[in-house]
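>>> Generate a structure from the sequence data that follows.
(chains A and B)
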Amino acid sequence: MKPPVFDYIAATSTDMAVAALAAAGGEAKIIAGGQSLMPMLSFRLLRPSLLVDINRIPGLAYIEEADTCLRIGALTRHFQIETSPVIARHLPVLSAAMTHVAHLAIRNRGTIGGSLSHGDPAAELPMIAVLLDATLHIESVSGQRAVRAQDFFLDALTVDLDSAEVLAEIILPKLPPNTGWGFEEIARRHGDFAIAAVAATLTVSDGSIRQARIALTGVGPTPVRAAAAETLLIGHALENKLVESVARAVRAAIAPEDDLHASADYRRHLAGVLTDRALHAAWRRAQGEP
Amino acid sequence: MNQVGRDFPRLEVRAKVTGRAEYTHHLRLPGMLYGKVFRSTVPHGRILHIDTEAARKLPGVHRVITGEDIKKLIPEPYYGPAFHDQPILALEKVRHVGEPVAVVLASDPHVAEQGVQLISAEYEELPAVYDEVQAMKPDILVHEVLKPAGTFADLKHLKDRGGTNVALDYHLRRGDVDGALAKADHVIEHTFKTQQCLHVAFEPFVSVADPGDSKLTIYTANQSPSFVRIEIARLFGWPENRVRVKVPYVGGGFGGKLYIKLEALVAALAMLVRRPVKIALTMEEQFYVITKHPTTFRIKSGVTKDGRIIARSCEVHWNGGAYADIGPRVAQKSGFTAAGPYDIDNVSVDSYEMYTNRTPAGALRCFGIPQLVWAYESHTDLIAREIGMDPVEFRHKNLLRNGRPQASGTILKDAAIPEVFQALVKRMNWDAPFDRGAGILRRGRGIAIALKAVISPTTSVAVINISADGSITLFTGSVDMGQGSDTAYALIVGEVLGVPAEDVRVVHSDTDVTPYDMGTLGSRSFYHMGNAVRLAAEDARGKLRALATEAGLPEGTNYPPVEIFKKRYGMQAGNVIGTATFLPTYSPPDAQGLSSNVTPFWMVGGAGAEVEVDTETGHVRVLRLVNAADCGKPINPAVARTQLSGAAIMQLGFTLSEAMHLDGGQVTNASLADYKIPGMADIPPIECELVTAEQHNGPFGAKGLGESGTFGVSPAIANAIHDAVGVRIMELPITAEAVLRALRAKEGRPLDDE
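Numbers count the residues shown, from 1 in each chain, chains lettered A, B, ... in the order given. Model (predicted):
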């Protein structure tokens, strides 16, 4: 099928974009990379009256390093993030996750802002945003606001973004020193959305874990931070018995569903296995191993 | 000049890579209307009412057509190669979700599509049957009456099995199976299942019909243009010469584009509105046209303690969906070899082609053989395990060899079964130590081998025109859908007539100019049409020599053809037309299902796989896939290799990831987002081994091999998984979840308990 009829504006500034969104009274959609939006239009799952193209807004695609964080412009393409030396240095778990985001052709076009705003329940970027405690900067005609990634994802394909708002910038705090990371994913095919994926970071000093973060995707309507499981790790060295109880806590924290590609049981099982693997990888890396 | 036997690039490769090759999708005719199809939303129901009014009123809609409109033009609008069971548009009943019920015609395809959204239909829903074994119970009947087509020689015996869902049952009885089972030291029985899958050609179905004044022309992506002409002529009650069927390149067929798909529909629409009509399906619509049979195969073997198989019984149920298409041939042809490439004295085969309320099933790269091999080669491995014998040794002991009768009774000839098996074993380094992995990653390897009887008896006709300048044009009804038939025939013509293959022009199917061919299917073309082409070239060579004699030239003259023509006709004028018809011999099966001559040649193929299984996730990584096939003497080894690897990749998808999911008769994954064909990154290293042998009656000793690469892939992988982690998967596809569930069941803690 072809998309239904829509009007089109190529915005040249964020102000122009948000003005157009406001004027459309909730009937407009932003188009950035178009990697999710275009198929949805062609299947006529969406029928916006207006597309606001933000691809030509200057200064919306960037990766900037500040003292304690990285700032990423919403229009930054996946491929830029995947290959950024700054990200590889400060947020290697993000670099690793990017290689699982679809295929190269899609990564050349898709954007971080688009992926987060779309909120696919099995996508990698929302999970990484939740893992890294990202802050999302949102703009509209009525001004700016910031929202924590944790609070941003409301349900499957539903995020805390009004139809007149645009996600402008993603702020990702740098990982503390002595932090190791792990990323594990199982998908039906190379480049598919995850059946289940787990990302973890462990910050270790004097042989025990000071900070632990575990996030999952594909196991529910939104990305999940397994806070209760994280707490179990604090103050301990990683050993198998501990990992077992953490994996158990992770499995308890999620509510996966059956679909065509996997059963809820299998997803829950994978959540445990992948948590185990991600934690071990994070622990090894925290000790300075590659 | 040596043309055959060398690596030769396909003639059309430049045109395809540069986007210049001609496909039906490109065609636009003046005044052409686009048709979009309104499809049934219920799996089985009586049509109460079709409301087309809103669609008819939509500006830009030319006309809306239903089955009743078609009936006014064609009183008996039912078609099919085996039974005339399929209505051009649904009449009275619908029998599967997605069945065409109405068509909206408009100059703009998007208007037509919008029109389709405005149609609604009311059905009285009837109980439906989806499972091939349950369909044996006659309480739900998909068809009340069946009319055998009587078109093809091998399907002359079809009849209306009134009051059942059986389209065809084939039974083979050889020796005394029960007696031998009673004597056997081990009797081993298993049931295997396969899933419904799809051809997924990159070019979805597309056909155009132009009503013309005195002749209907159909441009179509189809593998059997001669059949299309005959069937369309039959529907209209016309002579064949009033129908012209043209087929340019086809963007992948794999059996899906055989016989009639959209052709009867566009023809009827064009005749109704007297304007050209084009219907081009979307990828999603392909899920409602034709599929690969799901099967249930119960197989039982009696084995002696020294490892000889003395009896085998096979019961196969084929899920043919709502319309027979060519399913009856699938059930019968594959029935001949359902017991595998083994020398077994006592064999029984019961093969049932069943109607159900699913999308119809037909031919898909090997007419049912991969479903059978999946079962019998998994079973063979399990027997070897049970009797404690190495699977290679066990197979060696039982392989069928030339000179011995195959299960059908036909004496095996020119089938390189031991050679192919040996080549596989060698490539797999079976006797060398094997790294079995450690910890959670375990490795295993598996092997499988199979046999197929090619379709028979079928006719191919070829015509060669040598023009007065000596240039050569070949006319055949073969369809080059990527398999390289144009190139293969050019090589044959070049070999016989002593010209470079690249100078031979091959004319694509156009029934106004190309002669009859039964169809491009079942790896038959190269053997059947290849023989016809060779004979036609020899005929032309003889006629050219006669022309030289007429021109007064001495026998054995080295005058170039152009000089012969000039000498004979006084100028560059005239033609030499060489022609030949090839029809192999065949004996139909008798009442016991036996025949002394069931096939003109045998196809032999096998596969070996090395896999790594993640025991915590069930994820299977294929580390290595080896494919070997009997090629006779390959005409073009480079193309032969890509045929084998292409077939293996296709079967890999059917093995690991592809499945049509059904919920209450609805296909729930009718899109390439959710129907998982392998991507480039999912394809393991594939090694292809061309086993050179001699097919005594093949063109230059060669035989067809378009399907051989599919044979062994699925069981080789399942056998390798078993070898790695000790679990057996009985049903395709082998997903990571299926493997994990099997592992957990073996450990006595099923996954659901977690």
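>>> So what sits opposite residue 172 in the bridge?
Just going to use chain A. Residue A:172 has these beta-bridge partners by DSSP bridges: residue A:70.
>>> Hmm, no, I was thinking of chain B.
Bridge pairing for residue B:172 - DSSP bridges - gives residue B:349.
>>> So for the residue of chain B most remote from its centre, what's the nearest residue that isn't a sequence neighbour?
Within chain B, residue B:552 marks the point farthest from the mean C-alpha position, 51.1 Å out by C-alpha atoms, centre = their mean. Once flanking residues are discounted, residue B:552 sits nearest to residue B:567: 7.3 Å by C-beta to C-beta, 6 or more residues apart in numbering or on different chains. All C-beta atoms are positioned from the backbone trio N, CA, C, and that covers glycine.
>>> same question, residue A:55
Once flanking residues are discounted, residue A:55 sits nearest to residue A:32: 6.4 Å by C-beta to C-beta, 6+ apart.
>>> quick one, what contacts that neighbour?
A:54, A:55, A:74, A:75, A:111, A:113, A:114 (C-beta atoms under 8 Å, 6 or more residues apart in numbering or on different chains).
>>> and the second one, how many neighbours does it have?
Other residues near residue A:55 number 15, with proximity taken as other C-beta atoms under 10 Å in any protein chain shown.
>>> try the last one
Around residue A:114 there are 24 other residues, counting by other C-beta under 10 Å.
>>> Flag the shaky bits of chain B, pLDDT-wise.
B:1, B:753-754 (pLDDT under 70).
>>> residues from it in reach of chain A?
Neighbours of chain A within chain B, by C-beta under 8 Å from any C-beta of the partner chain: B:110, B:113, B:282, B:616-617, B:619, B:657, B:661, B:668-669, B:673-674, B:676, B:678-679, B:681-682, B:735-737, B:740-741, B:751-752, B:754.
>>> change it to 6 Å
B:110, B:616-617, B:661, B:669, B:674, B:676, B:679, B:681-682, B:737, B:751-752, B:754 (C-beta under 6 Å from any C-beta of the partner chain).
>>> before we move on, the earlier item: ok, so of the contacts of residue A:32, who is nearest residue B:7?
Ranked by distance to residue B:7 (C-beta to C-beta), the contacts of residue A:32 are led by residue A:111 at 45.7 Å.
>>> Grab the nearest non-local neighbour of residue A:90.
Counting by C-beta to C-beta, 6+ apart, the residue nearest residue A:90 is residue A:174, at 4.6 Å.
>>> pLDDT score for that neighbour?
Listed pLDDT for residue A:174 reads 97.
>>> and the gap between it and residue A:65?
Separation of residue A:174 from residue A:65 (C-beta to C-beta, to the nearest Å): 8 Å.
>>> So which of these two has more stuff around it?
The neighbour comparison of residue A:174 against residue A:65 (other C-beta under 10 Å) goes to residue A:174, with 17 against 14.
>>> which stretches of the stretch 401-550 of chain B form strands?
B:437-438, B:441-453, B:460-467, B:472-475, B:504-507 (DSSP state E, counting those that start in this stretch).
>>> Make CSV out of these and add mean neighbour count.
As requested, those are exported to CSV (neighbours: other C-beta atoms under 10 Å in any protein chain shown):
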stretch, mean neighbour count
strand B:437-438, 12
strand B:441-453, 25
strand B:460-467, 25
strand B:472-475, 21
strand B:504-507, 20
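>>> how far away is residue B:261 from residue B:280?
12 Å.
>>> same check, this time on residue A:173
Taking C-beta to C-beta, one finds residue A:173 at 52 Å from residue B:280.
>>> Check residue B:317 too.
From residue B:317 across to residue B:280, the span is 35 Å (C-beta to C-beta).
>>> Which residue of these two possesses the greater neighbour count?
The neighbour count for residue B:317 versus residue B:280, taken as other C-beta under 10 Å, is higher for residue B:317 (26 against 20).
>>> The nearest residue to the more buried one once chain neighbours are set aside and chain A, how far apart?
Nearest non-adjacent residue to residue B:317, counting by C-beta to C-beta, 6+ apart: residue B:132, 4.1 Å away. Separation of residue B:132 from chain A (C-beta to the nearest C-beta, to the nearest Å): 22 Å.
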